[in-house]
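> next one to model:
(6 chains)
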There are 4 protein chains.
Amino acid sequence: MIQIDYANSESIYIQIKENIKKLILSGGLKPDEMIPSVRSLASTLAINVNTVLRAYKELELEGYIYSVQGKGNFVSGNNNSLKEKSVEDFKEKLGKLVKEADYINITLEEFINMAKELYSDKEER
Amino acid sequence: MIQIDYANSESIYIQIKENIKKLILSGGLKPDEMIPSVRSLASTLAINVNTVLRAYKELELEGYIYSVQGKGNFVSGNNNSLKEKSVEDFKEKLGKLVKEADYINITLEEFINMAKELYSDKEER
Amino acid sequence: MIQIDYANSESIYIQIKENIKKLILSGGLKPDEMIPSVRSLASTLAINVNTVLRAYKELELEGYIYSVQGKGNFVSGNNNSLKEKSVEDFKEKLGKLVKEADYINITLEEFINMAKELYSDKEER
Amino acid sequence: MIQIDYANSESIYIQIKENIKKLILSGGLKPDEMIPSVRSLASTLAINVNTVLRAYKELELEGYIYSVQGKGNFVSGNNNSLKEKSVEDFKEKLGKLVKEADYINITLEEFINMAKELYSDKEER
DNA sequence: GTGGTCTAGACCACC
DNA sequence: GTGGTCTAGACCACT
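Just a heads-up that it's a prediction; the model follows:
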């Protein structure tokens, strides 16, 4: 369910955060569903408990999950505001990429064609 | 010519690297043109010589520039392979973004519309 | 495990790099094995932390190792592409040496004889 | 006759030295033949006079050339001892390469085959 | 504990 | 003047 790539330069807690965010936004984790306990996830991934704790704490601060003392951590219910925020984040990233495309002289047409290709690549899978 | 954003979380030497890469790829710096000396750039940006040196060293390792003892640092000549590499890097980033779009249910049409908007934003500037 | 020759004109960080490259290519260091921490190696060799850091950073850029924040530096997994690259590098060096042999009128036979001698020297050791 | 590669990490005066050494050892420059004057070579290569001076001074120290005040620099006559020395240097380099071949598991057969190939490549040219 | 960034300053080699 | 190496030490982030 959650995977860590040690060769990735991103720190472990960030990878956990991103992983869970994606699961929530894609619907893999439903509202009020329980996510793995800090200790079980730490032992599954063979990492330190503190690392998982930090990821969960930040997810809570950002509104993705809520924690219930003595019971566990659960997916937050108000998905809509989260989606909006993530769409905005996405647009910002797209904006940066468009700027970058400009530097290496990639036209809008080329950009769209690449995107189409990559989209259809996914569907074939 | 080169600017540093201290509010940016990227480290200084990475910002210098990216800055110069873009200048080279966009044609702002021509092959065999000399780039600012480590000392002059360091004093202009009010940073340490070693920080600039580090950025330049990595640019050299990646093939963007070459350095001549006692003379300075110069833009590398083989621009074509660099462009190819940067287009590939770009495609990889686009691929990641497309995956992300999938998580938040952004369709190809929506994606393309956003891209078009962002492209025209640029032209208006 | 790693040794520095101060009489050698090569700089310290280059010697560390070459040393570790050889250990990885010869199999002395296995994939995903941890290499000495920057601080421990620095104190063992009685050199500055930054010098080790620099060697490790370049090894990472060249794909020989990967670094994990807070954990350490580890041998990269994709040994095959590294071996290919090192064989190519080797061929290039051999090519230069053959050219040089030409300048001083060393024939192919003489060249091969020298090589045979040097190879058997090794085995006797 | 003499060429400088600015993208080469070797310093310019070393490149000039090596270039002239090769010309002498290969017979391109005969004993007592005059080599280009410091000033003419400097202007031909568009480099500083001091750089050429340094190269010539070292070549003189190593016995490859001799200089006559007011007349110029000339190829040394005692080629034999120079050849011997260069053969020894060559053997040392070959020794290092053989060691390196060992690290990446290149056998004597493979080594010889590569050398043969590279030798015949030359002849075809 | 681990790695990563930056500074200040020294010293060397090359042009 | 140019780049390159190394040191010592500070401070930060991550596990």
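> low-confidence ranges in chain A?
Applying pLDDT under 70 to chain A flags the ranges A:124-125.
> which residues of it fall in helices?
A:12-26, A:38-45, A:49-61, A:79-103, A:108-124 (DSSP state H).
> output the ones you listed in CSV; the columns should cover mean neighbour count and distance to residue D:111.
To be clear about C-beta, it is placed using only N, CA and C from the backbone, and glycine gets the same treatment. Output for these, formatted as CSV (neighbours: other CB atoms under 10 Å in any protein chain shown; distance: least, CB to CB, whole Å):
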stretch, mean neighbour count, distance to residue D:111
helix A:12-26, 19, 44
helix A:38-45, 16, 46
helix A:49-61, 17, 49
helix A:79-103, 15, 45
helix A:108-124, 14, 44
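> could I get the ones you listed as a markdown table with distance to chain C?
Conversion of the helices of chain A to a markdown table gives the following (distance: least, CB to the nearest CB, whole Å):
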| stretch | distance to chain C |
| --- | --- |
| helix A:12-26 | 8 |
| helix A:38-45 | 13 |
| helix A:49-61 | 9 |
| helix A:79-103 | 21 |
| helix A:108-124 | 23 |
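> any chance of TSV for the ones you listed, columns distance to residue B:121?
Converted to TSV, those look like this (distance: least, CB to CB, whole Å):
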stretch	distance to residue B:121
helix A:12-26	26
helix A:38-45	42
helix A:49-61	32
helix A:79-103	8
helix A:108-124	12
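> nearest to DNA strand F, of these?
helix A:12-26 (3.0 Å; CB to the nearest atom of the strand).
> OK, now which residue of chain A is nearest to DNA strand E?
In chain A, no residue comes nearer to DNA strand E than residue A:9, which is 7.6 Å away by CB to the nearest atom of the strand.
> which residues are in contact with the residue nearest in space to the middle of chain A?
Nearest to the mean C-alpha position of chain A, by CA atoms, centre = their mean, lies residue A:18 at 2.9 Å. Contacts for residue A:18 (CB atoms under 8 Å, 6 or more residues apart in numbering or on different chains) come out as residue A:10.
> hang on, the earlier thing: as a markdown table, the helices of chain A with distance to DNA strand F would be great.
Below are the helices of chain A laid out as a markdown table (distance: least, CB to the nearest atom of the strand, whole Å):
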| stretch | distance to DNA strand F |
| --- | --- |
| helix A:12-26 | 3 |
| helix A:38-45 | 10 |
| helix A:49-61 | 5 |
| helix A:79-103 | 18 |
| helix A:108-124 | 29 |
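> outline the domain layout of chain A.
According to automatic domain parsing, chain A is divided into the following domains: A:12-77, A:80-124.
> now tabulate the ones you listed in TSV and tack on distance to residue D:29.
Below are the domains of chain A laid out as TSV (distance: least, CB to CB, whole Å):
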stretch	distance to residue D:29
domain A:12-77	63
domain A:80-124	48
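> so which of those comes closest to residue D:80?
domain A:80-124 (57.8 Å; CB to CB).
> chain center to the closest one, what's the gap?
Centroid separation for domain A:80-124 versus its chain: 17 Å, with CA atoms, centre = their mean, to the nearest Å.
> neighbours of residue A:71, how many?
Residues contacting residue A:71 under the criterion other CB atoms under 10 Å in any protein chain shown number 9.
> distance of it from chain C?
30 Å (CB to the nearest CB, to the nearest Å).
> just to revisit the earlier point, can you lay out the domains of chain A as a markdown table showing distance to DNA strand E?
A markdown table is the format used below for the domains of chain A (distance: least, CB to the nearest atom of the strand, whole Å):
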| stretch | distance to DNA strand E |
| --- | --- |
| domain A:12-77 | 9 |
| domain A:80-124 | 19 |
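> OK, contacts around residue A:53?
By CB under 8 Å, 6+ apart, the contact list for residue A:53 reads residue A:38.
> now the one 10 residues further on
Going by CB under 8 Å, 6+ apart, residue A:63 touches A:76, A:78, A:81, A:82.
> okay, these in JSON lines with distance to residue C:111 next?
What follows is these, written out as JSON lines (distance: CB to CB, whole Å):
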{"residue": "A:76", "distance to residue C:111": "73"}
{"residue": "A:78", "distance to residue C:111": "76"}
{"residue": "A:81", "distance to residue C:111": "74"}
{"residue": "A:82", "distance to residue C:111": "70"}
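> of all pairs in these, which one is the farthest apart?
Applying CB to CB across the contacts of residue A:63, the maximum distance is between A:76 and A:81, 9.4 Å.
> which residue of chain A lies farthest from its centroid?
residue A:105 (30.3 Å).
> so who does that one touch?
Here residue A:105 is in contact with residue B:26 (CB under 8 Å, 6+ apart).
> how about stretch A:76-93 against chain B, any contact?
Yes. Judged by CB under 8 Å from any CB of the partner chain, stretch A:76-93 and chain B are in contact via A:83, A:86, A:87, A:90, A:91, A:93.
> right, I mislabeled it, should have said stretch A:19-38
Yes. Counting by CB under 8 Å from any CB, chain B is contacted by stretch A:19-38 at A:22, A:25, A:26.
> want to throw those residues into a markdown table with distance to residue A:71?
Compiled in a markdown table, those are given as follows (distance: CB to CB, whole Å):
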| residue | distance to residue A:71 |
| --- | --- |
| A:22 | 24 |
| A:25 | 24 |
| A:26 | 25 |
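> and the residues you listed, which is closest to residue C:65?
Taking the residues of stretch A:19-38 next to chain B together and measuring to residue C:65 by CB to CB, the closest member is residue A:22, at 28.7 Å.
> wait, isn't that closest one in contact with residue B:103?
Yes. Counting by CB atoms under 8 Å, residue A:22 does reach residue B:103; the two are 4.8 Å apart.
> follow-up on the earlier one: what's the separation between the residue of chain A closest to DNA strand E and residue C:49?
20 Å (CB to CB, to the nearest Å).
> tell me the two of the residues of stretch A:76-93 next to chain B that are most distant?
So, these by CB to CB: farthest apart are A:83 and A:93, at 15.5 Å.
> what's around the closest residue in space to residue A:32 that isn't next to it in sequence, how many residues?
Using CB to CB, 6 or more residues apart in numbering or on different chains and skipping the chain neighbours, the partner closest in space to residue A:32 is residue A:74 (5.5 Å). For residue A:74, the count of nearby residues is 16 (other CB under 10 Å).
> beta partners for residue A:74?
residue A:34, residue A:66 (DSSP bridges).
> and for the residue nearest to residue A:59 when sequence neighbours are not counted, the neighbour number?
Nearest residue to residue A:59, sequence neighbours excluded (CB to CB, 6+ apart): residue A:65, at 4.8 Å. For residue A:65, the neighbour count with other CB under 10 Å is 24.
> I'd assumed residue A:57 was in contact with residue A:65.
No. The pair residue A:65 / residue A:57 is not scored as a contact, 9.7 Å apart, by CB under 8 Å.
> for residue A:105, give me phi and psi.
Note on residue A:105: its backbone torsions stand at phi 60, psi 40 [degrees, to the nearest 10].
> any idea how far residue A:58 lies from chain D?
Residue A:58 is 45 Å from chain D, by CB to the nearest CB.
> and residue A:45, what does it touch?
By CB under 8 Å, 6+ apart, the contact list for residue A:45 reads A:2, A:4, A:16, A:52.
> at 7 Å instead, please
A:2, A:4 (CB atoms under 7 Å, 6 or more residues apart in numbering or on different chains).
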